[in-house]
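In: The following comprises the amino acid sequence and a computationally predicted model.
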Amino acid sequence: MIRKIAFLLFVTLLVSCGEKEQQAPLSGVMWGGEGNRIIIMPASGEGFRDTLLIDNHGMFAWTPDTVIPGFYILEKSPNNHLVLVMESNRPVSIDAQYISFPKNCKVTGSDNYLDFYQIETLSKKWQKAMQTSTSTTMDSLWKPTAQAVDELKQTLDSITQIYREEIVQISDEPLVRMFGLLQTAGNKRLFDPWAHKELYFAADSTLEPFSHLREVKMFRREAEVLFNKHLLFNKLQPGTQFPEIILSVMGQDTLSTSDFLGSPLYIELYEPDKEDQAAIHQKALEKVNSFQWRGMKAAFLLLDSITLPESKRGFNSMNLSDGLSPEIMEQLGVVSLPANFILSDSGIIAGKNLWDKKLQELMELLVKK
């Protein structure tokens with residue numbers, strides 16, 4: 001009888017333990033926030049926005065059916081939020097003052113939240129500095145001259161570089177480095193993926209242990225695309241023979257790259273309807289023009305339907321309104337526009353994607369030979 005009672009007590013204890021409420025994936029206290037609300041949502045910006053009520057004791061809890069491992073934003077208002085890394089088997093607890101949130105809050109169960117906060121603070125300062133600099137263009141006295149535009153660009157580039165360096169200095173941890181690389185201001189990335197691909201590759205190499213996190217998966221997919229683009233870009237390097245390509249010009253005549261053998265050749269691909277590309281082209285054209293009388297030839301491949309000026313002697317402008325085929329773009333390793341190739345008189349690539357002073361120096365060497 002005693003054994004039976006002991007067994008029943010044991011079963012009752014097991015049932016009661018099983019019925020105990022598990023700790024919520026996210027819970028905590030917001031002192032002084034009684035009756036207010038906060039929002040939890042994925043940092044990727046996709047999916048849900050759950051509103052959490054802070055009760056009359058300052059307590060709140062988020063109890064979803066499942067938690068997809070990844071980055072989440074706990075938000076009091078758009079400019080007052082905290083970035084958290086959450087996993088299904090690791091509850092996160094918050095202890096904070098509502099009025100000063102997210103400053104001075106304490107978090108358990110989510111690493112690097114202070115680093116994320118520091119990076120976002122720097123990112124906001126960067127955005128503000130950019131806005132302050134561009135606001136000068138609203139002044140009635142400001143004129144968009146070439147010099148003024150160039151000076152503004154240099155100022156913005158200098159500001160951006162300062163904040164890049166600051167963020168790199170504080171982002172030693174893999175997830176923090178990744179978070180820093182993803183900072184944006186509107187459509188502008190603080191770290192342009194192509195220009196800073198080595199940082200992306202280095203960050204990707206450290207993220208394997210975190211591949212189960214949603215945002216890490218997204219970042220690593222982007223890094224893979226970037227790496228494939230890098231391999232493509234390196235296809236045709238200086239010292240190799242430029243491939244033979246036959247182009248249909250305005251749907252009628254054909255032009256082959258071998259037609260230019262015997263003279264140094266400048267090849268440029270660009271889209272004239274894109275202002276930034278047209279500006280780069282114009283500078284390059286001025287330099288190439290100065291070498292025409294010394295035997296330099298040129299082929300400009302215009303990838304749109306804009307009306308073309310007549311070609312000069314030795315200079316060919318080809319309107320490829322349908323663009324180059326993906327196969328030719330891949331064969332040339334063109335990953336962005338504008339792009340250029342500078343060939344020797346025997347068709348060997350002497351340089352690629354060179355502009356301004358470097359372009360002039362290379363053409364000077366080629367026409368001397």
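Out: Ah, there it is.
In: Residue 140 belongs to a helix, doesn't it?
Out: No - Residue 140 is assigned coil when assessed by DSSP: H, G, I helix; E, B strand; the rest coil, not a helix.
In: measure residue 325 to residue 231 for me?
Out: The gap separating residue 325 from residue 231 is 20 Å, by Cβ to Cβ, to the nearest Å. C-beta: built from backbone N, CA, C; applies to glycine.
In: Same question for residue 337.
Out: 19 Å.
In: do the same with residue 172
Out: Distance of residue 172 to residue 231, given as Cβ to Cβ: 28 Å.
In: How about residue 214?
Out: From residue 214 to residue 231 the distance is 27 Å (Cβ to Cβ).
In: Looking at those two, which has the bigger crowd around it?
Out: With neighbours defined as other Cβ atoms under 10 Å, residue 214 and residue 231 compare such that residue 214 has more, 17 against 11.
In: just the helices in this structure please.
Out: 2-18, 113-134, 146-170, 174-181, 197-204, 214-233, 275-292, 326-332, 356-368 (DSSP state H).
In: Out of the ones you listed, which gets nearest to residue 61?
Out: Closest to residue 61 of the helices of the chain, according to Cβ to Cβ: helix 113-134, at 18.4 Å.
In: And for that closest one, what's in contact with it?
Out: For helix 113-134, contacts defined as Cβ atoms under 8 Å, 6 or more residues apart in numbering pick out 79, 82-85, 102, 107, 152, 155-156, 159-160, 163, 166-167, 170-171, 173, 176, 179-180, 183, 185, 190.
In: relative to helix 146-170, how tilted is that helix?
Out: Note on geometry: by axes from the mean of the first three to the mean of the last three Cα atoms, to 10 degrees, helix 113-134 and helix 146-170 are set 170 degrees apart in direction.
In: what stretches of the stretch 251-369 of the chain score poorly on pLDDT?
Out: 251-255, 305-323, 369 (pLDDT under 70).
In: swap the cut-off to 80 and go again
Out: For the stretch 251-369 of the chain, the stretches flagged by pLDDT under 80 are 251-259, 303-326, 369.
In: wait, which of the helices of the chain is closest to residue 29?
Out: By Cβ to Cβ (comparing all of those), the closest turns out to be helix 113-134, at 16.3 Å.
In: which parts of that closest one are buried?
Out: By neighbour count with 16 or more other Cβ atoms under 10 Å, helix 113-134 contains the buried residues 113, 115-120, 122-123, 126-127, 129-130.
In: Also stretch 221-232?
Out: 223, 226, 229, 232.
In: isn't residue 180 right up against residue 167?
Out: Yes - in this structure residue 180 lies within contact range of residue 167 using Cβ atoms under 8 Å: 4.3 Å.
In: With neighbour numbers in mind, choose between these two.
Out: Neighbours per residue (other Cβ under 10 Å) separate residue 180 from residue 167, with residue 180 holding more: 27 against 22.
In: which residues does that one contact?
Out: Contacts for residue 180 (Cβ under 8 Å, 6+ apart) come out as 119, 167, 168, 170, 171, 190, 191.
In: Top of those by number of neighbours, please.
Out: Going by other Cβ under 10 Å, residue 119 tops those with 25 neighbours.
In: how near is residue 327 to residue 267?
Out: For residue 327, the distance to residue 267 - Cβ to Cβ - is 17 Å.
In: Have a look at these two and say which one is more surrounded.
Out: Legend: neighbour count by other Cβ under 10 Å for residue 327 and residue 267, higher for residue 267 (22 against 8).
In: got a list of what the more buried one touches?
Out: 242, 257, 298, 299, 301, 340, 341, 342, 343.
In: same thing but 6 Å
Out: By Cβ atoms under 6 Å, 6 or more residues apart in numbering, the residues touching residue 267 are 299, 341.
In: On the strand side of things, show who it bridges to.
Out: Here residue 267 sits in beta bridges with residue 299, residue 341, as judged by DSSP bridges.
In: Over to stretch 23-38 now: how far is its first residue from its last?
Out: Start-to-end span of stretch 23-38 (Cα to Cα, to the nearest Å) is 19 Å.
In: Mind putting the helices of the chain into JSON lines with distance to residue 68?
Out: What follows is those, written out as JSON lines (distance: least, Cβ to Cβ, whole Å):
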{"stretch": "helix 2-18", "distance to residue 68": "26"}
{"stretch": "helix 113-134", "distance to residue 68": "18"}
{"stretch": "helix 146-170", "distance to residue 68": "27"}
{"stretch": "helix 174-181", "distance to residue 68": "16"}
{"stretch": "helix 197-204", "distance to residue 68": "21"}
{"stretch": "helix 214-233", "distance to residue 68": "6"}
{"stretch": "helix 275-292", "distance to residue 68": "39"}
{"stretch": "helix 326-332", "distance to residue 68": "35"}
{"stretch": "helix 356-368", "distance to residue 68": "48"}
